[in-house]
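Trainee: Attaching a predicted model along with its sequence, questions to come.
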Amino acid sequence: MALVVTLAIVVLLTFLVVAFFSAATTYRVVENTSAGGVTAKILAEGAVGAVQAELVQEIIAGSTVTNLVTAGVTNKIYYPTAATDMVPKRTVSSAITATDTNFANLVKQSGQPFHAGATIFSAASSDSSATPGANGRKIGANRWNTPMLTGAAFATNQVPNWVYITPNGYTNTISTNVIGRVAFNVYDVGGLLNINASGFAPGSGTSFSDEMHRKGSSVWADLRVLPGINAGAFAASDAWPPQWRLTGDWGTGATGFSFFSTSANSSASYYERTGWRTAFLNTTGTAADRMFASRQDLIRYAKAYPGTFTKSGDIFTALPFLTHWSRWNNAPSFKHDLTRTYTKAVAENVAKGGNDYSTLADQQAANPFFPTVRVPASFQRKRINAAGALVNREGANAMAKVGEALVKYRFPLSRLGMVKRTTTGVAAGSPIHWAFGLT
């Protein structure tokens, strides 16, 4: 009996030991995988920060800097030294030619000197990300097509090259102290149509033709003319992006909204009144709209509606013309040509109703460089709502902060419609007084 009990205890202990080491092995694999994921994330986030730092340095290197001090608050204004400094220098693979419009959005690739004064990504690399490493891993050309920001697929010789990470920073050569590697493409989406604010329902009539031609805002961009867009898809409800976005209850009758109507009262006026300012930015409440929150959302939408978005191979050819977000800065940045000679007399221009002055100093006083005009003291900012009434701005931008740009938002040209002939004048504090200073 004692022998049986002893054997049972030995078997139990053996089972526990085997179970322990089995669990330890499993947990070790899991923890190693988790640690590897965290490491990869840290290296990727560090690379994004390095790319941003290089872009900032490129802006500084190509700019004339003006220091503005307003009520003790200092701001720096960076103005491009030359016209070519307004956009990032293009540094991509030599296999991508300057005339290849399929890659017009691509401005930077890893493995190329970032710019002339680069301090982080300063040297070229010849190790293609499409070439398998010692562990057999690679990033093939198909993976680089994922953002759908090119009009054609990447060829193997057009992909970015590896940049290696060491404890001392980034390098273009492999060594024994390399702890990781990164590769990247940088795209310029600043000139693309914002799909969250662009496009309308063309309708079957001609009532929209004037608005389409004037292009008062990107709401009136005709999406049907984009390559890879099925022009007839607008009649298929959610298959047309502007229709998919609009889910709120916008009322009925003459002041309401009918998406497919060609009536000026029920559709055109809606777009003009709320489409640019409210409809595509309002994502809460009973009149909420849907938005593309990321580029992945837009790509998934294109895949869900192949009748609207057509492909060339694996590429949706309309997507390189579209972005989901482009509203980073909405402030004006007009500046005079400082090299121009002003010769006309002030009296002549004033008499003719002009504002072109005879000296640069007078010109700058009358038409200043907008970013240099700053808020000297805090005040409540205003806006004109959809009904045309002057109301207080809400949220983080409600109050003007000392030192920030006085003219913080672009001036919608539609406000020129408020200027009309009148014999009674307008009250101080009215929308036209606020917008133009007229009474």
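Mentor: Received the coordinates, thanks.
Trainee: Please count neighbours and contacts with C-alpha atoms only from this point.
Mentor: OK.
Trainee: My guess is Val183 contacts Val159. True?
Mentor: Quick fix: residue 183 is Ala, not Val. No - with contact defined as Cα atoms under 8 Å, Ala183 does not count as touching Val159 (9.1 Å).
Trainee: Please enumerate the shared neighbours of these two.
Mentor: Common contacts of Ala183 and Val159 (Cα atoms under 8 Å, 6 or more residues apart in numbering): 109, 129.
Trainee: Surely Val51 is within a helix?
Mentor: Yes - under DSSP: H, G, I helix; E, B strand; the rest coil, Val51 falls within a helix.
Trainee: before we move on, the earlier item: the more surrounded of Ala183 and Val159?
Mentor: Val159 (28 against 18; other Cα atoms under 10 Å).
Trainee: How about the more buried one, nearest residue that isn't a chain neighbour?
Mentor: Using Cα to Cα, 6 or more residues apart in numbering and skipping the chain neighbours, the partner closest in space to Val159 is Ala141 (6.3 Å).
Trainee: Could you tell me how many residues sit around the one you found?
Mentor: Ala141: 18 neighbours (other Cα under 10 Å).
Trainee: does it really touch Thr156, like I thought?
Mentor: Yes - using Cα under 8 Å, Ala141 is in contact with Thr156, at 5.5 Å.
Trainee: Identify the contacts common to the two.
Mentor: With Cα under 8 Å, 6+ apart as the test, Ala141 and Thr156 both reach Ala130.
Trainee: Who is Tyr164 paired with across the strands?
Mentor: Thr171, Arg181 (DSSP bridges).
Trainee: ok, it to Lys41 distance?
Mentor: Tyr164 is 15 Å from Lys41, where distance means Cα to Cα, to the nearest Å.
Trainee: before we move on, what about Arg290?
Mentor: From Arg290 to Lys41 the distance is 30 Å (Cα to Cα).
Trainee: Neighbour count: the two, which is higher?
Mentor: Arg290 (19 against 12).
Trainee: Run a quick neighbour tally on the closest residue in space to the more buried one that isn't next to it in sequence.
Mentor: Once flanking residues are discounted, Arg290 sits nearest to Arg245: 4.6 Å by Cα to Cα, 6+ apart. Residues near Arg245, counting by other Cα under 10 Å, number 21.
Trainee: Let me know the distance separating Arg245 from Leu298.
Mentor: From Arg245 to Leu298 the distance is 12 Å (Cα to Cα).
Trainee: Mean pLDDT per helix and strand in the protein: which one sits at the bottom?
Mentor: helix 269-270 (a mean of 48; mean pLDDT, DSSP states H and E).
Trainee: Beyond that helix, next helix or strand please.
Mentor: helix 295-304 (DSSP states H and E).
Trainee: Moving C-terminal from that next one, which element do we reach first?
Mentor: That would be, after helix 295-304 and using DSSP H and E, strand 311-312.
Trainee: Which strands border the next helix-or-strand element following that following strand, and is each parallel or antiparallel?
Mentor: Once strand 311-312 ends, the next helix or strand along the chain (criterion: DSSP H and E) is strand 315-316. Strand pairing for strand 315-316, using DSSP bridges, gives strand 311-312 (antiparallel).
Trainee: Perfect, that will be all.
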